[in-house]
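1. What would the 3D arrangement of this be:
(chains A, B, C and D)
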Protein chains: 2
Amino acid sequence: MKVLLIEDEKKAVQSLTKGLKEHQIEVDFALDGTTGTELALKNEYDVIISDIIVPGMNGFDLTQYLRSQGINTPVLLLTALSSTDDKVLGLEAGADDYLTKPYDFKELLARIKALSRRGKDTNAPKSVLVFADIEMNLLAKEIYRGGVKIELTPKEFALMEYFIRNQGKAVSKAEIAEKVWDINFETSSNVVEVYVNYLRNKVDKPFQKKLIHTLFGQGYILKDE
Amino acid sequence: MKVLLIEDEKKAVQSLTKGLKEHQIEVDFALDGTTGTELALKNEYDVIISDIIVPGMNGFDLTQYLRSQGINTPVLLLTALSSTDDKVLGLEAGADDYLTKPYDFKELLARIKALSRRGKDTNAPKSVLVFADIEMNLLAKEIYRGGVKIELTPKEFALMEYFIRNQGKAVSKAEIAEKVWDINFETSSNVVEVYVNYLRNKVDKPFQKKLIHTLFGQGYILKDE
DNA sequence: TCCTCAATGAGCAAAACCTTCATGGTATGT
DNA sequence: ACATACCATGAAGGTTTTGCTCATTGAGGA
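-> Residues are numbered from 1 along each chain as shown, chains lettered A, B, ... in the order given. So this is what the prediction gives:
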């Protein structure tokens, strides 16, 4: 079990780290929100524990940001506040639990364990892929860009899914032909080009930013630039 | 076992309380909806029994309010009304059962026990499925849309049930054939299409909003749009 | 500039879908 | 037991949508 602790009071960090390690819990920590999110994006944690008020970014924004990046690690917020309004705000932002200072260490421990259990339960394969302002719902077979629904045919959808799953990575036409069409790319066909064109018409043309880029002689890449 | 009784007729309260206590059931009571909800929020009951018409708040609103507050205690509504519309409304608001006055005390007792049993088993299979303005009662094999009863044949009912259970999710014809017909989808048959057509005629055609959508090449989806 | 690779538009065949109809089976009521 | 109504299902015809090819135009790199 591994947790990320985001907290600016060094004393609290120290005592918590010590306490958690005694219970076989690995702890990474960050003293401000910015490095906290960086760590959260880079590594995989079972639970993220964050003070509501930390330099650089508060716990609410942090949670919201992580969720938007597809990080669904359970978040436990720590705070001195205890008004109902704040609880609502925190939970709404996607936090999973909430603990008011001063708190009992055992309670904290219990909640961490509960959250990590829940997190693993949610090992359902992701059903929504995200890239830039695109959301692709694999269950409903829907795709939205900037909140606008885009109608794709099954093949177009499959190709787009392949692009999103390989976002930021160059993919050759042979690769695409193999994975999406399941054919040993015969140079005689230009299906891939045709379908990339279809996708561009629907996914890129109506918008400002182009996301599907051609790498001359190498294939294509989905990139936000 | 402990129940909450919300009823403004003191006589009814008295006789019910007496009857229930004789069967080892503890009873709290409220003479109006407002104190009723307060009690419901403060204490834990096995079942809540409420008249539909009580001062301050009616049984429908009460049920809805409690659900919105995360109280999932089973609610049994008592009423002098017996029109279909009211039944539909009550169930929609999340009530779990319904009894029309004058009722047999033994029947009331039986239902209380049934509800309390169900309340404890959190993953008890639901007997009423809801989607958009559709309610499907699996026990009564009845289905209503917007308060209007729809007559379905057994196969149509089974198909509709499958759709509702997978609402918002694309389901392929092969999937449907397997789950609803229990056949290894032979392309030679078009039963699924035929039955989707039947369903549309009864469930969608007479109404404004279409709920059963075709995803070309991917199957069907039940969606509110 | 020239050659190669990529983008685009038109067109067509196949696949998927909707709808209606006929048939046989099952349940219901007399 | 019989007649009747209802239900489940495959078949056929027509319509819509998709997948793909081909030919042509446009762009990139040496």
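
2. Which stretches in chain A count as strands?
-> A:2-6, A:26-30, A:47-51, A:75-79, A:97-100, A:128-131, A:134-137, A:142-145, A:148-150, A:212-215, A:219-222 (DSSP state E).

3. Redo these as CSV? Include distance to B:Leu108.
-> C-betas here are computed from N, CA, C, even on glycine. CSV is the format used below for the strands of chain A (distance: least, CB to CB, whole Å):
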stretch, distance to B:Leu108
strand A:2-6, 51
strand A:26-30, 57
strand A:47-51, 47
strand A:75-79, 45
strand A:97-100, 40
strand A:128-131, 47
strand A:134-137, 46
strand A:142-145, 47
strand A:148-150, 50
strand A:212-215, 66
strand A:219-222, 63
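
4. Deepest in the core, which of these is it.
-> strand A:47-51 (a mean of 26; mean count of other CB atoms under 10 Å in any protein chain shown).

5. how far is that one from where the chain is centred?
-> Strand A:47-51 sits 16 Å away from the centroid of its parent chain (CA atoms, centre = their mean, to the nearest Å).

6. now do stretch A:105-116
-> 23 Å.

7. and what of stretch A:65-74?
-> 4 Å.

8. gap between the two ends of it?
-> One end of stretch A:65-74 to the other measures 13 Å (CA to CA, to the nearest Å).

9. for that stretch, which positions count as buried?
-> A:65-66, A:71, A:73-74 (16 or more other CB atoms under 10 Å in any protein chain shown).

10. between the strands of chain A, which gets nearest to A:Asp182?
-> Proximity to A:Asp182 (CB to CB) singles out strand A:219-222 among these, at 17.6 Å.

11. Tell me if that closest one is near DNA strand D.
-> No - Strand A:219-222 does not reach DNA strand D (CB under 7 Å from any atom of the strand); its nearest approach is 13.1 Å.

12. Keeping just the C-alphas, turn that strand into CSV.
-> This file holds the C-alpha atoms of strand A:219-222, laid out as CSV (Å, rounded to 0.1, in the frame of the first residue of the first chain):
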residue,chain,number,x,y,z
GLY,A,219,2.3,7.8,-40.2
TYR,A,220,0.1,9.9,-37.9
ILE,A,221,0.1,11.3,-34.4
LEU,A,222,-2.6,12.5,-32.1
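
13. Just list what that strand packs against, helices and strands only.
-> On a contact count with 3 or more CB pairs under 8 Å, 6 or more residues apart in numbering or on different chains; DSSP states H and E, strand A:219-222 meets helix A:154-165, helix A:173-176, strand A:212-215.

14. How about stretch A:135-151 and chain B, touching?
-> Yes - contact between stretch A:135-151 and chain B, assessed by CB under 8 Å from any CB of the partner chain, occurs at A:139-141.

15. That stretch and DNA strand C in contact?
-> No - under the criterion of CB under 7 Å from any atom of the strand, stretch A:135-151 makes no contact with DNA strand C; the nearest approach is 11.2 Å.

16. now that stretch: mean pLDDT?
-> Regarding stretch A:135-151, the rounded mean pLDDT is 89.

17. re earlier: next step: the buried residues of stretch A:65-74 restricted to helices.
-> If you go by DSSP state H, the buried residues of stretch A:65-74 have A:65-66 in helices.

18. which one of the buried residues of stretch A:65-74 is nearest B:Leu215?
-> Taking the buried residues of stretch A:65-74 together and measuring to B:Leu215 by CB to CB, the closest member is A:Ile71, at 30.0 Å.

19. Look up how far A:Gly36 lies from the closest one.
-> 12 Å (CB to CB, to the nearest Å).

20. follow-up on the earlier one: just checking, which of the strands of chain A comes out with the lowest mean pLDDT?
-> Looking over the strands of chain A, mean pLDDT reaches its minimum on strand A:97-100, with a mean of 66.

21. Contact residues of chain A facing chain B?
-> Checking chain A against chain B by CB under 8 Å from any CB, the hits are A:139-141, A:153-154.

22. Farthest-apart pair in those, please.
-> A:Leu139 and A:Thr153, at 17.9 Å, using CB to CB across the residues of chain A next to chain B.

23. Mind pulling up the pLDDT for the residue nearest to A:Gln24 when sequence neighbours are not counted?
-> Distances taken as CB to CB, 6 or more residues apart in numbering or on different chains put A:Met1 closest to A:Gln24, at 7.0 Å, once the chain neighbours are dropped. What the model reports for A:Met1 is a pLDDT of 85.

24. Give the residue spans of chain A that score low on pLDDT.
-> A:58-60, A:68, A:70, A:79-102, A:104, A:106-107, A:114, A:117-127, A:185-187 (pLDDT under 70).

25. I'd like to know how far the closest residue to A:Tyr103 other than its chain neighbours sits from chain B.
-> Distance criterion CB to CB, 6+ apart; nearest residue to A:Tyr103, sequence neighbours excluded, is A:Leu78 at 7.3 Å. Using CB to the nearest CB, to the nearest Å, we find A:Leu78 at a distance of 23 Å from chain B.

26. Same check on A:Ala158?
-> The value you get for A:Ala158 to chain B, if CB to the nearest CB is used, is 10 Å.

27. Spit out the contact partners of that residue.
-> A:Ala158 is in contact with A:Val180, counting by CB atoms under 8 Å, 6 or more residues apart in numbering or on different chains.

28. ok so, going back, out of the buried residues of stretch A:65-74, which comes closest to DNA strand D?
-> A:Ile71 (32.9 Å; CB to the nearest atom of the strand).

29. was I right about the closest one contacting A:Leu41?
-> Yes - using CB atoms under 8 Å, A:Ile71 and A:Leu41 qualify as a contacting pair, with a distance of 6.7 Å.

30. which neighbours do these two share?
-> Common contact partners of A:Ile71 and A:Leu41 (CB under 8 Å, 6+ apart): none.

31. Can you give me the domain assignment for chain A?
-> Annotated domains of chain A cover A:2-119, A:128-222 [automatic domain parsing].
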